[in-house]
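1. Quick one, what's the 3D model for this:
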Amino acid sequence: MTPERLPEVDRRFYYNLPSPSDRESFLELEDEDRRPFLEQQGLWQRWAVLPAQQRDSALTSQVELGFAEFALYMAWGPPADTQTRQRAGRPVTVHTYIRCTSGPKNHQYVRNNLDCEGTSEETLVSLLNGVVVEIRYLN
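-> Numbers count the residues shown, from 1 in each chain. The predicted structure follows:
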């Protein structure tokens, strides 16, 4: 089994598992065993509490202001980079996302622009208290 053969929701969970060994274990599971595995990891609960609009949007890779951080992760996967900055005296988390714009991974989000084998663009997503407050497309 490869991640590309997983059902859409399971594939998005796969990319958000915390370690390579968790991802390997997840691929070996039967369909009916994946949800209990995700519950044990705490990921299913984070998904279940999201409003339906955020879950639906995440499955089509759409992110909007006001979305929860986990909806962002399910939409675009883990960020390529994360920094904490101070804005108006408050800590803001800034995630950098890289999306391939050509090549075999066109439209996919990756951890490194070299993974694109073509061109890429970056997007900065700012979060305050775990909620998306700004999306800046840099290219």
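
2. Using the three-state scheme, assign the nearest residue to residue 126 once chain neighbours are set aside.
-> Counting by Cβ to Cβ, 6 or more residues apart in numbering, residue 126 lies nearest to residue 134, which is 4.0 Å off, once chain neighbours are set aside. All C-beta spots, glycine's among them, are computed from the backbone N, C-alpha and C. Secondary structure assignment for residue 134 (DSSP: H, G, I helix; E, B strand; the rest coil): strand.

3. for whichever strand or helix holds residue 71, packing partners?
-> Secondary structure assigned from DSSP states H and E places residue 71 in helix 69-76. Packing contacts for helix 69-76, counted by 3 or more Cβ pairs under 8 Å, 6 or more residues apart in numbering; DSSP states H and E, involve helix 8-16, helix 43-48, helix 52-58, strand 90-100, strand 120-128, strand 131-137.

4. Now do the buried residues in the shortest one.
-> Just to be clear, that refers to helix 43-48. 43-44, 46-47 (16 or more other Cβ atoms under 10 Å).

5. Among these, which one sits closest to residue 24?
-> Taking Cβ to Cβ as the measure, residue 43 is the one of the buried residues of helix 43-48 closest to residue 24, at 16.0 Å.

6. Many thanks, we can stop here.
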